[in-house]
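Novice: pasting the sequence and the predicted model now:
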Amino acid sequence: MAKKVLVLGEAREGELRNVSFEAIAAGKDVAAGGEVVGVIFGENVTELGNEMITYGADRVIVVNNEKLKNYTPDGYSQALLQVIENESPEGIVMGHTSIGKDLSPKIAAKLEAGLISDATGVEADGDDVVFVRPIYSGKAFEKKKVKEGTVIATVRPNNIKPLEKDESRSGEVSELDVDIKDLRTIIKDIVRKTSTGVDLSEANIIVSGGRGVKSAEGFEPLKELADVLGAAVGASRGACDAGYCDYSLQIGQTGKVVTPDLYIACGISGAIQHLAGMSNSKVIVAINKDPEANIFSVADYGIVGDLFEVVPLLTEEFKKV
Ligand code: FAD
């Protein structure tokens, strides 16, 4: 049955995050031939509306409000609930990002709607759709659907292919005024902790370090390799716990879940909790001096050796490309 589906476009520093386009693709599947309506919150973000159209949205609602410049739980939920009241959608899709993870349960609770979080795929199921989502730290997948009422879903970044960008598509981009009551949280400043400026959860390539890097300085060769590859730097919890890097870099069960095209694990043993965050990467390269290290069990390519010798060699070779 054709549905009207709202898709949240996440604006950050004047650009839409890629996951917004992936959410549109998922939203199209949920809509099953119905209307996909993009929603963007921020300050001066109207010009981003058209980009959602080129990626498949049928029309876009933009809410410009200084209180929405940065994400706050109460600001965004007030704004989204007003859009929902106006539009009465049958589906709502957003990225499984720090925003989506926080916002979606709030909205689902308010609407008393079913929420499927962290979906990595959407499949047709007769008149309905089912969402595929990993369980047991990525060891198995389950298929879930919302049986009645509004369908709310978050999609894991880097898993659902966005539609081909089509500049010839056109659609209405309209501005909506919403009434945002006093916010309980005010964002004063955002401090980025990524070393290369590439967002870890959306990175196509990640160079990740474990306790094997031995110190904060030990991350330097990894950062150099990441710079050459245009990659983000990640870490195991072992490296974070040892104080070699910030916890914002942690990948794994209690850190970020990533699915880049290429994951280069340096000095990481491959504990189950780490694998939970990266084992769905498309190609995994492991560098470890212990040939028995568990990381090799998930690696497509393994290099048994000292990362302080191997990583600089890789950097030099990639510089030549
Ligand atoms: P280690 O296990 O100490 O491995 C270091 C590796 O470096 C070894 O394999 C060694 O051979 C190799 N090495 C050493 N020197 C070199 C060198 N010069 N060159 C090449 N290789 C070298 N962990 C996570 O990563 N993410 C999580 O989200 C997470 N969540 C957890 C949640 C819970 C509830 C628990 C209990 C644990 C969690 N952990 C998590 C911790 C996890 O169990 C491991 O302790 C951790 O992943 C180990 O980090 P590591 O691989 O860097 O360190």
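Specialist: Thanks, I have the structure now. Numbers count the residues shown, from 1 in each chain.

Novice: contact residues of the stretch 151-300 of the chain facing the ligand?
Specialist: 210-212, 236-239, 250, 252-255, 267-269, 271, 273-274, 277, 287-290, 293 (C-beta under 6 Å from any ligand atom). C-beta: built from backbone N, CA, C; applies to glycine.

Novice: and residue 263, what does it touch?
Specialist: Contact analysis of residue 263 by C-beta atoms under 8 Å, 6 or more residues apart in numbering lists 205-206, 208, 278, 281, 283-285.

Novice: tell me which element residue 317 falls in.
Specialist: Here residue 317, judged by DSSP states H and E, is contained in helix 307-320.

Novice: hey, C-alpha coordinates of that helix in PDB?
Specialist: Written as PDB, here are the backbone C-alpha positions of helix 307-320 (Å, rounded to 0.1, in the frame of the first residue of the first chain):
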ATOM      1  CA  LEU A 307      52.700  -2.000  12.400                       C
ATOM      2  CA  PHE A 308      55.400   0.600  12.900                       C
ATOM      3  CA  GLU A 309      57.200  -0.900   9.900                       C
ATOM      4  CA  VAL A 310      54.200  -1.800   7.700                       C
ATOM      5  CA  VAL A 311      52.000   1.300   8.100                       C
ATOM      6  CA  PRO A 312      54.700   3.800   6.900                       C
ATOM      7  CA  LEU A 313      55.500   1.500   4.000                       C
ATOM      8  CA  LEU A 314      51.800   1.500   3.000                       C
ATOM      9  CA  THR A 315      51.700   5.300   3.300                       C
ATOM     10  CA  GLU A 316      54.700   5.600   1.000                       C
ATOM     11  CA  GLU A 317      53.200   3.300  -1.600                       C
ATOM     12  CA  PHE A 318      49.800   5.000  -1.500                       C
ATOM     13  CA  LYS A 319      51.500   8.400  -2.000                       C
ATOM     14  CA  LYS A 320      52.700   7.100  -5.300                       C
END
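
Novice: pLDDT weak spots in the protein?
Specialist: Along the chain, segments meeting pLDDT under 70 span 192-197.

Novice: quick one, helices of it?
Specialist: Ranges of helices in the chain, per DSSP state H, are 18-31, 49-54, 73-87, 98-111, 220-229, 237-241, 272-278, 307-320.

Novice: which residue is nearest the middle of the protein?
Specialist: residue 157 (3.2 Å; C-alpha atoms, centre = their mean).

Novice: phi, psi of that residue?
Specialist: For residue 157, the backbone dihedrals (degrees, to the nearest 10) come out as phi -60, psi 150.

Novice: quick check: the residue lying closest to it once chain neighbours are set aside vs residue 26, distance?
Specialist: Excluding the flanking residues, the one nearest residue 157 by C-beta to C-beta, 6 or more residues apart in numbering is residue 19, at 4.3 Å. To residue 26, residue 19 is 10 Å away according to C-beta to C-beta, to the nearest Å.
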